[in-house]
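Colleague: this one's structure only:
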């Protein structure tokens, strides 16, 4: 039996969309960010992109709640609550009750509130359940590295990588957002740093491509928020590129170095 | 480019403010000490330090539901002064204040309100009328940092001379109380009998999960207040071994606590939190502190400078440098790259622009005590010429 023909090379889209291109079937995309160059806006752009392309999305957030994301995505012209009702979007809240005892009732738009006490197995099971309800959706994991940092001895990089693999099996494709500040990946010394670095490297090897957000190397500028670097991961093909971006009041601009902006 | 951006900000701010008194949507007046942010209408409250309010990404205050982490290396306690202003401002405004880790002795050192209104407010108001509005972001004359708009708004509702349009808009909502008071560090605040001031003691040194009790108490406190009452939570010297057992510094203890605080701030939108952490023990280049920064909405670092003798008739030299690593805005960007320095005097904690003296006047530099003052002036002159 001959192996299936290799997929056609990724069409090189215009760079302003390249960073927010959706992963193809079975692909993993890694988005890294640092303090001061958060990737929230990119996750939101990808949600919009996927929903407009008709692909269901499951979004698991450990750092931000439903209110924040729904507001930001609304500015992009997409009503997440509507998509929740249609069954094309599900929000899994890893913030509100993860470590805090339950308070007054949850928002009806939140599909599931994760609880740290259920352990990594419980978290995986919870996400799996939500994913199955939506068929084969695009799964976006926002900062699962926090779980690794806060869990202590119980959870290692290997367990986290296993979780991502398990979820990849049942999803169309997976996007993972992690922090790659210098203390985490530069010279890891403590257990927290070593495990973090191991997790990020493992993800990088499995990723079709990596989108890295960082601050300008030359210092802070008023009209540039940071740099986006798109590189092939362990299993990708396509053009590697580096562009600048600026997060304005609700809108994000992406442009080349030295490009005149309107 | 930069011109268009400023234009945008002003346009967005004004309708949000003007919408408040419209008959279609009668909104309850904000509680004392709360006002909408000029950039997105989010309610904000003062940190008790006007120049710090001005630094918070144009919000002109700390947005409710946000946290601020103050980091400080060395053995000084400038961050403690910031926290005391924040607590004192809350007590004066009638907000609920909760201090974690300290007892009532801490509150006895809070600075008292001084009667005199900060004179730079008046100056700012007068300046406003002369400067075209789109140059406002350039900052107050001499101070060199952006956000003079924040300061002038603070001042104008009280003054009778608010003839400018923006100021009139802000004043359209009845100007009930001052947004930010000025304090005198040498006097002691007498805490009114009805003050909603509570203390959560530090965990016992042997406790295995030191933060569980604090979190539970804080959760009960937060739920017991009316949801609109602003609630200020202070975590002075977080993780300091003087207060917290060694086990507290383990990532599996402190990170869940900070994550839960973040969730608590989202659950109670009228809550704000200011914490300070000693960088000497927990340096910024460790993963633990970086997570603490990621879990905070804004991060500020105070780096003290060696002390310089002050010469008579001169403004005091800055006592340290200020870095904004993260601001409470979408995108979570850091400061604007301006070099900032702080000066703590009896009357105020002030953050202003800082630049090193030019390389050629080595004489002045060796004399000491010249830089902050001389350069404030130099910068002002340059702005003047361009204008």
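Modeller: Cool, the structure landed. All figures in this text were calculated on a predicted structure; none of them were measured in a lab.
Colleague: all helices of the stretch 101-250 of chain A, in order?
Modeller: For the stretch 101-250 of chain A, the helices defined by DSSP state H, counting those that start in this stretch occupy A:119-133, A:145-151, A:157-170, A:182-185, A:191-206.
Colleague: Let me fix that, I meant to ask about the stretch 201-350 of chain B.
Modeller: Using DSSP H, counting those that start in this stretch, the helices of the stretch 201-350 of chain B run over B:210-224, B:251-267, B:287-295.
Colleague: nearest to chain A, of the ones you listed?
Modeller: Distance to chain A, taken as CB to the nearest CB, is lowest for helix B:251-267 among the helices of the stretch 201-350 of chain B, at 2.8 Å. Glycine gets a C-beta too; all of them are placed from N, C-alpha and C.
Colleague: Return the angle between stretch directions for that closest one and helix B:210-224.
Modeller: Interaxial angle, helix B:251-267 versus helix B:210-224 (axes from the mean of the first three to the mean of the last three CA atoms, to 10 degrees): 10 degrees.
Colleague: Helix B:251-267 and chain A, any residue contact?
Modeller: Yes: Helix B:251-267 reaches chain A (CB under 8 Å from any CB of the partner chain) through B:251, B:252, B:255, B:256, B:257, B:259, B:260, B:262, B:263, B:264, B:266, B:267.
Colleague: which phi and psi does residue 75 have?
Modeller: All of this is about chain A. Backbone dihedrals for residue A:75, given as degrees, to the nearest 10, come out at phi -70, psi -20.
Colleague: could you point out where the chain is predicted with low confidence?
Modeller: Unless you meant another one, I'm taking chain A. Counting by pLDDT under 70, the ranges of chain A that qualify are A:1-18, A:105-106, A:234-237, A:250, A:262.
Colleague: oops, I was thinking of chain B
Modeller: B:1-27, B:115-177, B:309-316, B:331, B:356-387.
Colleague: where do the strands sit along it?
Modeller: All strands of chain B, identified by DSSP state E, fall at B:34-36, B:43-45, B:62-63, B:67-72, B:96-100, B:111-113, B:183-188, B:197-200, B:231-235, B:271-278, B:298-304, B:320-326, B:340-344, B:349-353.
Colleague: Indicate which one of those is closest to chain A.
Modeller: Of all the strands of chain B, strand B:320-326 sits nearest to chain A, with 6.1 Å by CB to the nearest CB.
Colleague: contact partners of that closest one?
Modeller: Strand B:320-326 is contacted from outside by A:35-36, B:55, B:76, B:78, B:293, B:296-305, B:332-335, B:339-342, B:351, B:354, using CB atoms under 8 Å, 6 or more residues apart in numbering or on different chains.
Colleague: Quickly note the distance from residue A:190 to chain B.
Modeller: Distance, residue A:190 to chain B, by CB to the nearest CB, to the nearest Å: 6 Å.
Colleague: Wait, that residue touches residue B:288, no?
Modeller: Yes: if you go by CB atoms under 8 Å, residue A:190 and residue B:288 touch, sitting 7.3 Å apart.
Colleague: With neighbour numbers in mind, choose between the two.
Modeller: residue B:288 (21 against 13; other CB atoms under 10 Å in any protein chain shown).
Colleague: Tell me which residues touch the more buried one, please.
Modeller: Counting by CB under 8 Å, 6+ apart, residue B:288 touches A:190, A:192, B:249, B:251, B:254, B:255, B:282.
Colleague: Residues of the stretch 151-300 of chain B that sit close to chain A?
Modeller: Contact residues, the stretch 151-300 of chain B versus chain A (CB under 8 Å from any CB): B:215-216, B:219, B:223, B:250-252, B:255-257, B:259-260, B:262-264, B:266-267, B:284-291, B:293-295, B:299.
Colleague: I'd like to know which of the residues you listed are buried.
Modeller: For these, a burial check counting by 16 or more other CB atoms under 10 Å in any protein chain shown picks out B:215, B:219, B:251-252, B:255-257, B:259-260, B:262-264, B:266-267, B:284, B:286-291, B:293-295, B:299.
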